[in-house]
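In: return a 3D structure for these sequence lines:
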Amino acid sequence: MHDPSVVDLSRLQFALTALYHYLFVPLTLGMSFMLAAMETVYVVTRKSIYKQMAQFWGKLFLINFALGVATGLTMEFEFGTNWSFYSSFVGDIFGAPLAIEGLMAFFLESTMVGLMVFGWHKLKAGQHLAVTYLVALGSNLSALWILVANAFMQDPAGAHFNPATMRMELASLPQLIFNHDAQAKFVHTSIAGYVTAAIFVAGVSAFYLIRHRHTELARRSFRMAALFGVLATAGVITLGDALGFIGAQAQPTKLAAMEGLWKTEKAPMPFNLIAFPSQKDETNHGQIQVPYVLSLLVTHSTDGTVPGVDVLKKNAAARIENGIPAVEALQKLSADPGNSQAMAQFKAHEDDLGYGFLVQRYAPDVSQATPAQIQKAAKDSIPEVAPVFWSFRIMVALGLAMLAFFVMAVIYTMRNNVQHKRWFLKIAVWMIPVPFLANEAGWVVAELGRQPWTVYGMLPTWMSASTHSLGYMIFSIIGFVALYTAFIIVEMYLMVRAIKQGPTPIDSQPTLGGNDNPALAHAEA
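Out: This is a model prediction of the structure:
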């Protein structure tokens with residue numbers, strides 16, 4: 001049996017490293033396309049201010065990209081060190097998209113980043129623009145494949161369990177790739193990255209406008225960020241609704257936690273705007289509800305219902321009882337692979353194998369599981385409601401705040417008087433952390449809401465961890481905290497220094513590729 005403290009510390013370490021790494025990912029995704037947009041305007045108009053913009057923001061992109069790569073690599077090692085059983089159980093499926101990500105996306109992105117940074121004076125304008133678009137494509141392809149792997153953990157499609165190998169095996173690559181959760185989450189995550197980049201560019205530009213530095217670059221950058229951001233924010237809110245609709249089908253327990261829904265109610269169901277969920281009492285305290293809204297949001301109708309925790313626990317208990325014979329059969333097949341009777345028993349109950357694993361935490365001999373142990377395991381099938389509930393509301397509230405900010409930004413910048421709205425520029429600077437907080441809250445909803453599973457409905461988290469000692473885990477976490485603290489210090493120092501230095505003056509820049517007409521390059525139509 002796994003030491004519960006080791007499992008909890010393994011979860012804590014992975015959560016810390018993932019949350020830290022996820023600070024860099026959205027900005028990389030969004031900045032790559034913003035750079036492509038800026039450079040496109042430069043190539044079309046030959047206004048050198050847009051080249052200056054692309055180079056300056058590209059410098060900040062490079063710093064963020066480098067730190068993102070460094071923090072992401074450690075996460076992949078953690079799968080082998082801290083989650084060895086998980087890696088063995090689903091390695092055939094999980095490894096495929098990660099391998100494709102490395103071969104198809106990461107190498108493309110890394111190679112093109114080098115050409116983008118060092119090719120300004122070596123490549124022609126069109127060639128360098130193509131390189132910048134390839135960087136953007138590589139960044140987003142990388143996110144796609146990682147989210148395909150993550151989507152399998154959320155909704156395990158395209159695979160089956162092989163009792164002969166005791167592992168999950170890939171059955172259909174198209175089902176894995178075109179998993180509804182993967183596609184919806186990819187679009188939602190990518191557009192959230194565009195929002196993050198737009199807020200970052202707008203905030204830094206506002207900083208320059210407040211200090212009356214690099215005003216031409218800042219004014220044009222702010223305008224591009226505002227237009228980019230208002231469209232992206234509207235998109236991320238709309239697609240977030242679609243992702244919630246898909247999630248309701250695949251993970252009803254996560255939805256119940258997001259909505260603080262302890263009891264199944266008749267339609268039309270109210271939406272809990274504010275509540276203080278109690279896991280112990282399975283009720284909400286101090287809740288404020290909005291009538292009808294939950295049915296409209298989740299089912300897109302007024303007569304749709306959503307199962308609450310009460311119904312979901314009963315369903316889990318029934319699946320646990322049906323999964324116990326599957327676990328018993330698997331144990332017999334492990335000792336005697338040719339046991340046809342055991343194989344027939346396994347086939348009859350294999351759909352609920354994961355739920356049989358869930359009760360094994362309390363009854364190592366599942367055949368002796370008591371009703372009380374089954375009910376305890378069924379209760380475990382519900383994630384911690386309070387953190388999921390509030391993380392979801394924080395994410396939504398911040399998303400609406402960003403939409404309001406961008407609407408105002410577009411109005412002011414299109415009137416060409418944003419530089420005179422000092423109070424609004426100060427707000428723009430303080431908005432910089434907001435999308436990062438929203439992204440982190442979204443990650444908490446997605447990952448904590450999946451508990452108690454690493455692979456939903458198939459592999460419980462308690463089984464997935466490696467059998468390390470408690471001392472090893474404490475030492476490991478201290479090491480990671482020290483390493484990542486150093487990373488954040490380096491990141492902040494480099495970013496702040498680059499922002500303080502500002503862009504390279506236009507007059508000191510050679511023209512792109514050496515073949516461009518200098519008169520065109522410096523034309524300001």
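
In: can you pull out the helices in the stretch 401-525 of the chain?
Out: 422-430, 433-448, 461-464, 470-501, 518-521 (DSSP state H, counting those that start in this stretch).

In: now render those helices as TSV, adding mean pLDDT.
Out: Converted to TSV, the helices of the stretch 401-525 of the chain look like this (pLDDT from 0 to 100):
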stretch	mean pLDDT
helix 422-430	95
helix 433-448	93
helix 461-464	91
helix 470-501	88
helix 518-521	36
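
In: among these, which is nearest Ile274?
Out: helix 433-448 (16.0 Å; C-beta to C-beta). For the C-beta atoms, the positions are set from N, CA and C on the backbone; glycine is no exception.

In: mind listing what's buried in stretch 332-340?
Out: Buried residues in stretch 332-340, counted by 16 or more other C-beta atoms under 10 Å: 332-333.

In: also stretch 216-224?
Out: For stretch 216-224, burial by neighbour count (16+ other C-beta under 10 Å) applies to 217-224.

In: any chance of the helices of the stretch 401-525 of the chain in a markdown table, plus mean neighbour count?
Out: Putting the helices of the stretch 401-525 of the chain into a markdown table (neighbours: other C-beta atoms under 10 Å) gives the following:
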| stretch | mean neighbour count |
| --- | --- |
| helix 422-430 | 15 |
| helix 433-448 | 20 |
| helix 461-464 | 21 |
| helix 470-501 | 13 |
| helix 518-521 | 12 |
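
In: right, so of these, which gets closest to Val396?
Out: Of the helices of the stretch 401-525 of the chain, nearest to Val396 by C-beta to C-beta is helix 433-448, at 8.7 Å.

In: quick one: list the elements packing against the closest one.
Out: helix 4-21, helix 25-45, helix 180-210, helix 385-414 (3 or more C-beta pairs under 8 Å, 6 or more residues apart in numbering; DSSP states H and E).

In: can you rerun that using 6 Å?
Out: Applying 3 or more C-beta pairs under 6 Å, 6 or more residues apart in numbering; DSSP states H and E, one finds that helix 433-448 makes contact with helix 180-210, helix 385-414.

In: hey, C-alpha coordinates of that helix in PDB?
Out: Presented in PDB, the C-alpha positions along helix 433-448 are these (Å, rounded to 0.1, in the frame of the first residue of the first chain):
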ATOM      1  CA  PRO A 433      -1.100  39.700 -13.100                       C
ATOM      2  CA  VAL A 434      -4.800  39.200 -13.700                       C
ATOM      3  CA  PRO A 435      -4.700  36.700 -16.700                       C
ATOM      4  CA  PHE A 436      -2.000  34.800 -15.000                       C
ATOM      5  CA  LEU A 437      -4.200  34.400 -11.900                       C
ATOM      6  CA  ALA A 438      -7.100  33.400 -14.100                       C
ATOM      7  CA  ASN A 439      -5.000  30.800 -15.900                       C
ATOM      8  CA  GLU A 440      -3.800  29.300 -12.600                       C
ATOM      9  CA  ALA A 441      -7.400  29.200 -11.300                       C
ATOM     10  CA  GLY A 442      -8.500  27.400 -14.500                       C
ATOM     11  CA  TRP A 443      -5.700  24.800 -14.000                       C
ATOM     12  CA  VAL A 444      -6.900  24.200 -10.400                       C
ATOM     13  CA  VAL A 445     -10.400  23.600 -11.700                       C
ATOM     14  CA  ALA A 446      -9.300  21.200 -14.400                       C
ATOM     15  CA  GLU A 447      -6.800  19.200 -12.300                       C
ATOM     16  CA  LEU A 448      -8.200  19.300  -8.800                       C
END
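
In: quick one on the thing from earlier: need the helices and strands packed on helix 433-448 in CSV with distance to Leu27, mean pLDDT and mean neighbour count, can you?
Out: Shown next, in CSV, are the helices and strands packed on helix 433-448 (distance: least, C-beta to C-beta, whole Å; pLDDT from 0 to 100; neighbours: other C-beta atoms under 10 Å):
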stretch, distance to Leu27, mean pLDDT, mean neighbour count
helix 180-210, 5, 92, 24
helix 385-414, 14, 95, 19
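
In: rebuild those as TSV, extending it with distance to Ser88.
Out: Shown next, in TSV, are the helices and strands packed on helix 433-448 (distance: least, C-beta to C-beta, whole Å):
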stretch	distance to Ser88
helix 180-210	23
helix 385-414	29
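
In: mind checking which of the ones you listed is nearest Leu425?
Out: For Leu425, the closest of the helices and strands packed on helix 433-448 is helix 180-210, at 4.0 Å, according to C-beta to C-beta.

In: quick one: the closest one to chain centroid distance?
Out: 13 Å (C-alpha atoms, centre = their mean, to the nearest Å).

In: that helix: what's the following helix or strand?
Out: The helix or strand immediately downstream of helix 180-210 is helix 215-250, counting by DSSP states H and E.

In: quick check: angle from that next one to helix 25-45?
Out: For helix 215-250 against helix 25-45, the angle by axes from the mean of the first three to the mean of the last three C-alpha atoms, to 10 degrees is 130 degrees.

In: buried residues in helix 215-250, which are they?
Out: By neighbour count on 16+ other C-beta under 10 Å, the buried set for helix 215-250 is 217-237, 239-240, 243-248, 250.

In: could I get the helices of the stretch 401-525 of the chain as JSON lines with distance to Gln52?
Out: Converted to JSON lines, the helices of the stretch 401-525 of the chain look like this (distance: least, C-beta to C-beta, whole Å):
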{"stretch": "helix 422-430", "distance to Gln52": "21"}
{"stretch": "helix 433-448", "distance to Gln52": "25"}
{"stretch": "helix 461-464", "distance to Gln52": "50"}
{"stretch": "helix 470-501", "distance to Gln52": "13"}
{"stretch": "helix 518-521", "distance to Gln52": "11"}
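
In: which residues does the residue nearest the centre of the chain contact?
Out: The centre of the chain sits closest to Trp443, judged by C-alpha atoms, centre = their mean, with a distance of 5.1 Å. Trp443 makes contact with Tyr22, according to C-beta atoms under 6 Å, 6 or more residues apart in numbering.

In: neighbours of Gln375, how many?
Out: Neighbour count of Gln375, defined by other C-beta atoms under 10 Å: 17.

In: actually Lys347, not the one I typed
Out: 12.

In: and the pLDDT for it?
Out: Per-residue confidence for Lys347 comes out at a pLDDT of 92.

In: in stretch 43-57, what's buried?
Out: Buried residues in stretch 43-57, defined by neighbour count with 16+ other C-beta under 10 Å: 43, 46-57.

In: coming back round to it: which among the helices of the stretch 401-525 of the chain is found nearest to Arg319?
Out: helix 461-464 (16.5 Å).

In: now do the closest one: distance to the chain's middle.
Out: 22 Å.

In: likewise stretch 444-457?
Out: Distance of stretch 444-457 from the chain centroid (C-alpha atoms, centre = their mean) equals 13 Å.

In: ok, and what's touching it?
Out: With contacts defined as C-beta under 6 Å, 6+ apart, stretch 444-457 is touched by 86, 90, 153-154, 156, 251, 254, 257, 354, 380, 383, 387-388, 391-392, 460-461, 464.

In: ok, now how distant is the spatially closest residue to Ile477 that is not a sequence neighbour from Lys266?
Out: Nearest non-adjacent residue to Ile477, counting by C-beta to C-beta, 6 or more residues apart in numbering: Gln13, 5.0 Å away. Counting by C-beta to C-beta, to the nearest Å, the separation of Gln13 from Lys266 is 44 Å.

In: more neighbours, the two?
Out: When Gln13 and Lys266 are compared for neighbours, Gln13 comes out ahead with 20 against 8, by other C-beta under 10 Å.

In: perfect, that will be all.
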